[in-house]
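Chemist: task: produce atomic coordinates for the following.
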Amino acid sequence: MSMQSVKARVGKYEVGRTLGEGTFAKVKFGRNSETGESVAIKVLDKEKVLKHKMIEQGMVKRETRFASKRPANEIVSKIEEAAKPLGFNVQKRNYKMKMQGSKTGRKGHLNVATEVFEVAPSFFMVEVRKAGGDTLEFHKFYKNLSAGLKDVVWKAEDTGEEKNKV
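Modeler: Numbers count the residues shown, from 1 in each chain. Below is the predicted model of the structure:
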């Protein structure tokens, strides 16, 4: 990166041109001035993030996870059942799914990928992540999807043991 293209410095990083732009952030080209390593730097628009209370809502993320004690094939079926009425085309392979929204959003079609991981016998972790499209659309999708998954999402029961610990 030539000195002319350096627009700012943040710590040991030289920040250059914009590589991409989203609703709440820009991705800038950067270079570690000590090692010369090229990096991508995500710059959040603080005003927009605070205005939409995204930090309190946990919305500055592109993926989420939940646990389940239901069999993996039942989890996959429930996700498919919940996604289709929302207008998503679903492709399944083993315990992975790719879902694509039928509507074109601000950044094209929303694409969501899910994967079911067996953590222990009869205990699974499900990852749901945005593979393409707008992050806000992903959050709206996940909120609607999760409404249809209440019977497969595991929640730890309060046994009262924690209350009795000193």
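
Chemist: which other helices and strands does the longest strand along the chain contact?
Modeler: Counting residues, the longest strand found in the chain (DSSP state E) is strand 108-120. If you count contacts as 3 or more Cβ pairs under 8 Å, 6 or more residues apart in numbering; DSSP states H and E, strand 108-120 packs onto helix 72-83, strand 96-105, strand 123-132, helix 135-147. Using the backbone N, CA and C atoms, a C-beta is placed for each residue, glycine as well.

Chemist: next secondary structure after the first one?
Modeler: To tie it back to what came earlier, the one meant is helix 72-83. Going down the chain from helix 72-83, the next helix or strand is strand 88-93, by DSSP states H and E.

Chemist: what about that next one, distance to the chain center?
Modeler: 18 Å (Cα atoms, centre = their mean, to the nearest Å).

Chemist: so that strand versus strand 96-105, what angle?
Modeler: Inter-element angle recorded for strand 88-93 and strand 96-105: 160 degrees (by axes from the mean of the first three to the mean of the last three Cα atoms, to 10 degrees).

Chemist: tabulate the CA atom coordinates of strand 88-93 in PDB.
Modeler: Provided in PDB are the C-alpha atoms of strand 88-93 (Å, rounded to 0.1, in the frame of the first residue of the first chain):
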ATOM      1  CA  PHE A  88     -37.100 -20.800   1.300                       C
ATOM      2  CA  ASN A  89     -35.900 -23.500  -1.100                       C
ATOM      3  CA  VAL A  90     -34.100 -26.200   0.900                       C
ATOM      4  CA  GLN A  91     -31.300 -28.500  -0.100                       C
ATOM      5  CA  LYS A  92     -30.200 -31.200   2.300                       C
ATOM      6  CA  ARG A  93     -27.200 -33.400   2.400                       C
END
